Every structure is written in structure tokens, then in C-alpha cells.
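Trainee: the sequence and its predicted three-dimensional model are supplied below.
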Amino acid sequence: MLRVCLCVLLLGVPASAQVLQLSGGRSTLLGGTGGEITAFFPESTLSASAGFVNGHFVFGASDTFKFHGLDVTAGDKNFGYSFDGAGLGVSTRGLFVQRNTRHTSFAVFVGSTGIGYATPFMVTAEAQHIGAGFFLQRQFDNGLLLSSLAVIDGGKHTAVQGLSYRNHLLHLAGSAGLLQNQKYFTGEADFQPLRSLSFSATHNDFFLADHLTTNSLSAFAGLGHITLQASLLDGQYRLLKTTGASAGASLRIGSVTLRSNFYESNHRVLLVHVVQEHFRHWTLSGIVNQLQGQTSYAFGGGYQGNKIGVSLDHSVLFFPVSGKGFQQTTTVQVSLRIHDTALNFQTNVDPMMHVQYTTYASSYVQGPLAGLAMNNHSHSASGKFMIAGAVIDEHDQPVEGAAIQLRGGPVVYSDSQGKFFARVKRDKPSALVVLLQEFATPGRWAVMTCPADAAPGTEVLIKVRREIAP
Amino acid sequence: MRNMKRVLSLLLLQFSFFGLAVSAQTVSPIIVECGKKCRGEFSITNNGLTALAVSVEARSFSLDALGHATNRPLDPGVDLKLEEGSARISPKDTHAFAYQLKCAGPPCSVALLSSMVVGHTTEGILVRVQLAHTIYACEKQKDCRKKVRAAAGVTFD
């Protein structure tokens, strides 16, 4: 029955939604494949997810709306809180009510709880137990933040209290209590006596297949272009205790950073030397690893632009779960944007040191109720040559938000003075097109005069008139 | 394994739980300080659900003793090269605008004003948002903003 409702929801929503967000993907890290459709209405947001997790069909749906100043969600939702870098939560299916004011956040839920799958492309919950809970967080003006989370989840109880304090020298944060009937404590202390000197200590409890405890002590100093850091780490998972120490220095000269780090764990010493150069969009890294008398080399880097991002990163991570201490890891990340669609691919190394990946796509579609919708795509442009111009109306007044496209090139918009420019790579005339449907200024417009093409170094004048006011 | 997935989903939760949709456009960073010559960029984030056309205009400005800015066309000693003067930003996307600035007679105070039409009222009145990325360029980068404000007689930070 629920699956039928889900199908009806999925098919019915697009007909009337203002904006739709469509997402789909696959993650070996979270063990699922699926998709989500979210419909944004002026008064509510409707979401439906479906997919397969470990070969099982899972689905979820939710409706979020305002009710007397409260944010209400009916359906699937992750109930929990984030607190100074730590997060706790329970996947719920039921009714969820939240209210946020300047200093206070309050949330309460009632329904069923169970295993949840929250990914960038799918949110579902599997109902297992009847549950209820509340969360309260209060921020005081003196830097104190108090949090309280209580959940009854079947026969399991969660009651966690959190406290955080921050001033210009000190930051203390901790939360403790019962997490599903197990004792839980997470704490962090940061002391920064000088702008360029800081010390930090942390303790964390994690619950994987078993209980994992980690502790760390670290110090950081910045002396102009030189930075120094040192840290001690230990972790205990089941009966396996792993310790590690690291120290390093880096020197920045212009756009080049030189970094050397020493890592010691399990009586094994790893030395990593990195040369990294930053350009505006590019980063290039050369890495030399020395481990037990053997030397290896690696290269990394990336490009980050408005439409595309690619990176290959090497980093050293501490793995207390597998007992392997410090290990060199490699991750890849690719993101691409085509029109209103974002494509992402990322690899991660899980706590057992297995490489996992997550890939997903997300797109926005303008529904029939949507307002201004600009369907034409733009390009990131750069080049030596510039084509400039101005857009005016029949009264010679500047027109802001007029859309002009150079043939096969970027769409540009006029500013409040009616002026626009575009950079092109070749010193050749480019055909000009006025995109009347893409004007950011409302109303129906018509072109009065427009040159057929424009050459770099010259200024073009485009005259338009508004036929129908908004 | 199921527990592990649960924990992982909880870790993801911390990034999303209080990120309820706030439909506003943002500029980052708001203020930068630099030397006589600098390269930089600022980002506009479209937090809305529809695409946004953004145009960027450069203005010189001066401050009065109350810290209020008065914009004017770019001073002759300011050579500013914007890589892009406008862009279409997809929903929930961020677009970076890069620039190069040369200041012949420091200090130079430049505001890059990003204008965007975010809609119109039912009466047809255009709602336009203008966000500023402010550049203070001095002989030396350090405390440039402080010096410019002090020179204008601004006594508070």
C-alpha cells in the first residue's frame, strides 16, 4: 500500500510543483543505490526517495511545511543534533516538529525509529521500533551553549547532555550520557594563548560494529611563513590499542608550499615530503614517501573552476579500527555542472581501509508555477580579448539584466548602467544574439537595433524596448 | 555492518540537520585587504531554487566619519580587470568571480557590487539585491582596512 502511495506521489508531484529537485546516485560507502524527487511549493516541500540498500528495496517520503511558526515534517526525517563538530541522530518515520529562534532550537518527534540511509541522493528510514524524543539547544550571550537530546528507541534509551563554552582564548565542548543504552562521552578543549599558537585535546566515542575510543593531543604554531604542528593520537577498538605520533613543518614561499611530516605508529616510521604549488584554479603536488628504507613518489593536484572540479589527493590518516595506525591514502573527487545539473564522484577510505565511492547527480527543473526560469546555459569565460557594449531602451535609458549571447560563447548580462562585456579567446568578430526570453528584468521586450556581430576592442550598442510591463 | 551504516548516516546528518533552506544570496568574502597589486576572487552563492543572473560593477568609494560609504566611478589610479562581468548561477550553486587589481596611488578602496534581480512584487516592482565585495589596497596588506578607516576618521571597528 505504501509503495502505491509512493508511486502516486512520485507521479503526481511534477504536474503542479513550483521547482523540482531530482537526485540519483550510488554509494558503496553507504551501501545503497537510489534516487529522490523533491518538490518545492510556496508553502511546503514534498520529498520521495526510493532505492536498494544491500539488495533490499527501501523507500521514504516526507512533507515539510510551516504551521503556526513551527517547522513540521510528516514522514521520514533524521532526528538529531550537531554540536561542535559531533553529531547524533536517529532515523525516524512519523511526525517531527521543530522551532528555531535566535537563541533556542527545539525539536520533538513521535513515530517509529530504525535504520536510516541518509545520502546526498536519498533519505529513507526502516521502521523498527516505536519511538519518541526531543532535542533542546540554547545559546547564551556569554558564549555558553547547552544541548539536550533524549530519545526512547524501542527498548533503547538515549539521553545526552552537551555543553560548550567559547571565549577569545578558550573553547571547551563536551557531551556525555547514554547513547542507546551505552555510555558515551565526547570532549574537546582548544586553548589559543596567541593568534599564532594553539593547543588542542579531544576524546571521542564512536559506535561502529563495536565501541571505538579515540584521544588526541595536538599543538600548532604559525611563525610568519612557517607553520609547525605536532600531535599524539591513540585509539582503542575491541582489544586492539593503536598509538601514533606525528610532527611536521611547512614553509610557504609565494604560491609554493613545502611540507615535511614525520609519522610514527606501531614502531613504524613514515616520512612524507610534499611540494605544492597553487595557481588560481590549479593545485599541483609532488610527494616523496619514505617508509622503512624504501622511497616512493606520488603526484597529485586538481583544478577547481565554476563548472568543473577535479582533484587527486594523497593524505596520511590514522586508522585505529584496523590497528594499522598511520597510512597513506589516495582520494579522487570529480564534480561537473552542466546547465542546472551537478554531477559528483568521490572516493573515500572507510575505517577498515577499504576504498569506497559515492557518485550522484542532482538537477533542478522549473515547474509550471515557477517564476523566472533561465534555460540557457552559460560558460565560464576567459580570454585576452574583450567585447563590450551597452543596452539602452527607446528613451536612451540603460537596461539592466539584458541577456546577450556571443555565438557559441557565454551569455552575459548588462549591469545597472546597461553595460556588459565578455572575454573571448580569438581576435575575430563574434555574432551577437539578444536573448529576450532570458532577460532578468521582467516584462516582454523587443529588439529595436542590434549589430549582427561584434569585434573585440569595439563597443556595441543594442537598443530594446519594453512591449509589455510586468 | 548495519550499525556501521547507521553511524555513517549519523555522521552525514551533522552536516544537514540544521541546514534548513534559507533562500538568500550570499557573497564571500565580504572584505579583503591587499597590497598595491593583487589577484583575488569572490563567490556568489545562489541559495534560491531558480537560476540567477548576476552582473558585477566596480566602484571606488570613500568613507565618512560614521563609516558610511559613498560610491563613485572607479578612480583613475585604479586598474581593475574582472575576468567576468556577469554570470548565470544555477540553483544552489556558487560562482567565483576573479579579478586583478593594480592601485597606482594607494590606498584604494574598491567595492565590487554584484547586482541580481531576485523577483518582483505582485504590483510589478522589481526587487533587486546588491551585495558588495570590498577590497582595500594599500602599500602593505597588513591593517589596510584599519588605516583607511582611521584616515576617514572612523573611530569604531
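Mentor: Yes, it's here.
Trainee: all helices of chain B, in order?
Mentor: Applying DSSP state H to chain B gives helices spanning B:2-16, B:144-151.
Trainee: which of these has the lowest mean pLDDT?
Mentor: Between the helices of chain B, the lowest average pLDDT goes to helix B:2-16, which shows a mean of 34.
Trainee: any regions of the stretch 251-400 of chain A where pLDDT drops low?
Mentor: Applying pLDDT under 70 to the stretch 251-400 of chain A flags the ranges A:367-382.
Trainee: now do the strands in it.
Mentor: Here the stretch 251-400 of chain A has its strands, by DSSP state E, counting those that start in this stretch, at A:256-265, A:268-278, A:282-291, A:294-304, A:308-319, A:325-338, A:341-349, A:355-366, A:385-392.
Trainee: over to the stretch 101-250 of chain A?
Mentor: A:104-114, A:116-119, A:122-125, A:129-139, A:144-153, A:156-166, A:170-179, A:182-194, A:197-207, A:211-223, A:226-237, A:240-253.
Trainee: including distance to residue A:403 and mean neighbour count, could these go into a markdown table?
Mentor: Any C-beta I mention is one placed from the backbone N, CA and C, and that applies to glycine too. As requested, these are arranged in a markdown table below (distance: least, Cβ to Cβ, whole Å; neighbours: other Cβ atoms under 10 Å in any protein chain shown):
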| stretch | distance to residue A:403 | mean neighbour count |
| --- | --- | --- |
| strand A:104-114 | 42 | 19 |
| strand A:116-119 | 36 | 28 |
| strand A:122-125 | 36 | 28 |
| strand A:129-139 | 44 | 18 |
| strand A:144-153 | 46 | 19 |
| strand A:156-166 | 47 | 18 |
| strand A:170-179 | 48 | 18 |
| strand A:182-194 | 49 | 15 |
| strand A:197-207 | 49 | 16 |
| strand A:211-223 | 46 | 16 |
| strand A:226-237 | 46 | 17 |
| strand A:240-253 | 42 | 16 |
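Trainee: nearest to chain B, out of those?
Mentor: Relative to chain B, the nearest member of the strands of the stretch 101-250 of chain A by Cβ to the nearest Cβ is strand A:116-119, separated by 4.3 Å.
Trainee: what packs against that closest one?
Mentor: strand A:32-40, strand A:70-83, strand A:86-100, strand A:122-125, helix B:2-16 (3 or more Cβ pairs under 8 Å, 6 or more residues apart in numbering or on different chains; DSSP states H and E).
Trainee: in the sheet, who's paired with residue A:182?
Mentor: With DSSP bridges as the criterion, the beta-bridge partners of residue A:182 are residue A:179.
Trainee: that older thread, ranking the strands of the stretch 251-400 of chain A by burial, who's on top?
Mentor: For the strands of the stretch 251-400 of chain A, the largest average neighbour count (mean count of other Cβ atoms under 10 Å in any protein chain shown) is found in strand A:385-392, namely a mean of 20.
Trainee: does any part of that one sit near chain B?
Mentor: No. For strand A:385-392 and chain B, the contact criterion (Cβ under 8 Å from any Cβ of the partner chain) is not met; the two come no nearer than 8.5 Å.
Trainee: and that strand, how far from the chain's centre?
Mentor: The chain centroid and the centroid of strand A:385-392 are separated by 36 Å, computed with Cα atoms, centre = their mean, to the nearest Å.
Trainee: list the beta-bridge partners for residue 62.
Mentor: Looking at chain A here, since you left the chain open. When bridges are assigned using DSSP bridges, the partners listed for residue A:62 are residue A:47, residue A:75.
Trainee: oops, chain B please
Mentor: With DSSP bridges as the criterion, residue B:62 is bridged to residue B:70.
Trainee: can you give me the neighbour number for it?
Mentor: 14 (other Cβ atoms under 10 Å in any protein chain shown).
Trainee: my read: it touches residue B:153, true?
Mentor: No. Using Cβ atoms under 8 Å as the test, residue B:62 is too far from residue B:153 to be in contact (11.2 Å).
Trainee: next, count neighbours for the one residue in the stretch 201-350 of chain A that gets nearest to chain B.
Mentor: For the stretch 201-350 of chain A, the nearest residue to chain B under the criterion Cβ to the nearest Cβ is residue A:340, separated by 4.5 Å. Look at residue A:340: counted by other Cβ under 10 Å, it has 23 neighbours.
Trainee: now do the contacts for it.
Mentor: Listed by Cβ atoms under 8 Å, 6 or more residues apart in numbering or on different chains, the contact partners of residue A:340 are A:363-365, B:51, B:90-91.
Trainee: can you pull the phi/psi pair for it?
Mentor: phi -100, psi 20 (degrees, to the nearest 10).
Trainee: ok, residue A:428 next?
Mentor: Its backbone dihedrals place residue A:428 at phi -130, psi 150, with angles given as degrees, to the nearest 10.
Trainee: how many residues are close by it?
Mentor: By other Cβ under 10 Å, the burial measure for residue A:428, its neighbour count, is 10.
Trainee: burial measure for residue 35, as a count.
Mentor: Picking chain A for this. 19.
Trainee: my question was about chain B, not that one.
Mentor: One way to gauge burial is a neighbour count; for residue B:35, by other Cβ under 10 Å, it gives 15.
Trainee: check what pLDDT it gets.
Mentor: Per-residue confidence (pLDDT) for residue B:35: 91.
Trainee: that one contacts residue B:140, doesn't it?
Mentor: Yes. Counting by Cβ under 8 Å, a contact exists between residue B:35 and residue B:140, whose distance comes to 6.2 Å.
Trainee: just the residues contacting stretch B:68-85, thanks.
Mentor: Counting by Cβ under 8 Å, 6+ apart, residues outside stretch B:68-85 touching it are A:380-382, A:410, A:412, A:415, A:419-423, B:55-56, B:58-64, B:97-105, B:108, B:110-113.
Trainee: just the buried residues from those, in ChimeraX please.
Mentor: In ChimeraX, this line selects whichever of the contacts of stretch B:68-85 come out buried by 16 or more other Cβ atoms under 10 Å in any protein chain shown:
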select /A:380,381,410,412,415,419,420,421,422,423 /B:55,56,58,59,60,61,63,97,98,99,101,103,108,110,111,112,113
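Trainee: enumerate the residues of the stretch 101-250 of chain A near chain B.
Mentor: Applying Cβ under 8 Å from any Cβ, we find that the stretch 101-250 of chain A lies next to chain B at A:105, A:115-119, A:206-209.
Trainee: hmm, back to that, okay, the residue of the stretch 201-350 of chain A closest to chain B and residue A:23: tell me how far apart.
Mentor: Using Cβ to Cβ, to the nearest Å, one gets 12 Å for the distance from residue A:340 to residue A:23.
Trainee: which residues are in contact with both of the two?
Mentor: Contact criterion Cβ under 8 Å, 6+ apart; residues bridging residue A:340 and residue A:23 by contacting each: residue A:363.
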